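> Starting from these lines, generate the structure:
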Amino acid sequence: MRLTNFIVRDAIVPALATTAADVNPRDSAAVTGVKERVIREMVGGLSAAGYFRDADLEDITRAVLRREQLGTTGIGKNIAIPHSRHPAVDRLIGTLALSKTGLPFESLDGEPVYVFVLLVSPQDRPGDHLRALEAVVRTMRNDEYVRQLRACTTREEIWALLENAPGW
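Now for the predicted structure:
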């Protein structure tokens, strides 16, 4: 599976509006607020691209946040993969967002996150969900690829890099 199989080009966020300039990464309430803003921004991008009804925006956001409460999706090496399954979508969809300054996300390695990949899949398609998670992890394991991705400044640059990523 390739990232371009599920990432919605029109929902890519080359520079998140969410910042954490004054957030202490040890302040769990502040970090939770950052997480919520990032997830809302990314889910909002999918909604604006027309991939689900605006009426489902809040419920999908809550579902992703509930998943985050089970354990961080900050996998380390400056990457986070917030995700959830939800009945509002009929196929696996996702988006990618970049933070130029890095954001606290309770990552496993304690480092800030610069690359976020959000996944939302139908409840009855767990295989697709797992394959997408695997594709993200395999792709982001390449440090040089992540460095190139972080250097992108436009949606078009990000998409071109995604199209050239290896598939598995």
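> going forward, measure contacts between C-alpha atoms and count neighbours the same way
Will do.
> is it fair to say residue 97 lies in a strand?
Yes: counting by DSSP: H, G, I helix; E, B strand; the rest coil, residue 97 is found in a strand.
> For burial, what's the neighbour tally of it?
24 (other Cα atoms under 10 Å).
> I'd guessed it sits against residue 116; true?
Yes: using Cα atoms under 8 Å, residue 97 is in contact with residue 116, at 5.1 Å.
> Quick one: the strands in this structure, in order.
74-76, 79-80, 83-85, 93-103, 113-121 (DSSP state E).
> Rebuild those as CSV, extending it with distance to residue 42.
Formatted as CSV, the strands of the chain follow (distance: least, Cα to Cα, whole Å):
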stretch, distance to residue 42
strand 74-76, 15
strand 79-80, 12
strand 83-85, 11
strand 93-103, 7
strand 113-121, 7
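> Turn those strands into JSON lines, including mean pLDDT and distance to residue 46.
Converted to JSON lines, these look like this (pLDDT from 0 to 100; distance: least, Cα to Cα, whole Å):
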{"stretch": "strand 74-76", "mean pLDDT": "94", "distance to residue 46": "20"}
{"stretch": "strand 79-80", "mean pLDDT": "97", "distance to residue 46": "17"}
{"stretch": "strand 83-85", "mean pLDDT": "94", "distance to residue 46": "13"}
{"stretch": "strand 93-103", "mean pLDDT": "95", "distance to residue 46": "7"}
{"stretch": "strand 113-121", "mean pLDDT": "96", "distance to residue 46": "10"}
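> just for the protein, where's the confidence low?
21-25, 27, 30-31, 166-168 (pLDDT under 70).
> quick one: the helices in it?
Using DSSP state H, the helices of the chain run over residues 28-48, 57-70, 126-140, 143-151, 155-163.
> Of these, flag the one that's most buried.
Greatest average neighbour count among those goes to helix 28-48 (a mean of 19), per mean count of other Cα atoms under 10 Å.
> mind exporting that one as PDB, just the C-alpha atoms?
Below are the C-alpha coordinates for helix 28-48, written out as PDB (Å, rounded to 0.1, in the frame of the first residue of the first chain):
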ATOM      1  CA  SER A  28      -0.100  17.400  30.300                       C
ATOM      2  CA  ALA A  29      -3.200  19.600  30.100                       C
ATOM      3  CA  ALA A  30      -1.400  22.000  27.700                       C
ATOM      4  CA  VAL A  31      -0.100  19.100  25.600                       C
ATOM      5  CA  THR A  32      -3.600  17.700  25.400                       C
ATOM      6  CA  GLY A  33      -4.800  21.100  24.100                       C
ATOM      7  CA  VAL A  34      -2.100  21.000  21.400                       C
ATOM      8  CA  LYS A  35      -3.100  17.500  20.400                       C
ATOM      9  CA  GLU A  36      -6.700  18.500  20.100                       C
ATOM     10  CA  ARG A  37      -5.900  21.600  18.000                       C
ATOM     11  CA  VAL A  38      -3.700  19.500  15.600                       C
ATOM     12  CA  ILE A  39      -6.400  16.800  15.300                       C
ATOM     13  CA  ARG A  40      -9.100  19.400  14.700                       C
ATOM     14  CA  GLU A  41      -7.100  21.100  12.000                       C
ATOM     15  CA  MET A  42      -6.400  17.900  10.200                       C
ATOM     16  CA  VAL A  43     -10.000  16.500  10.500                       C
ATOM     17  CA  GLY A  44     -11.200  19.900   9.300                       C
ATOM     18  CA  GLY A  45      -9.000  19.600   6.200                       C
ATOM     19  CA  LEU A  46     -10.600  16.300   5.300                       C
ATOM     20  CA  SER A  47     -14.100  17.800   5.900                       C
ATOM     21  CA  ALA A  48     -13.300  20.800   3.800                       C
END
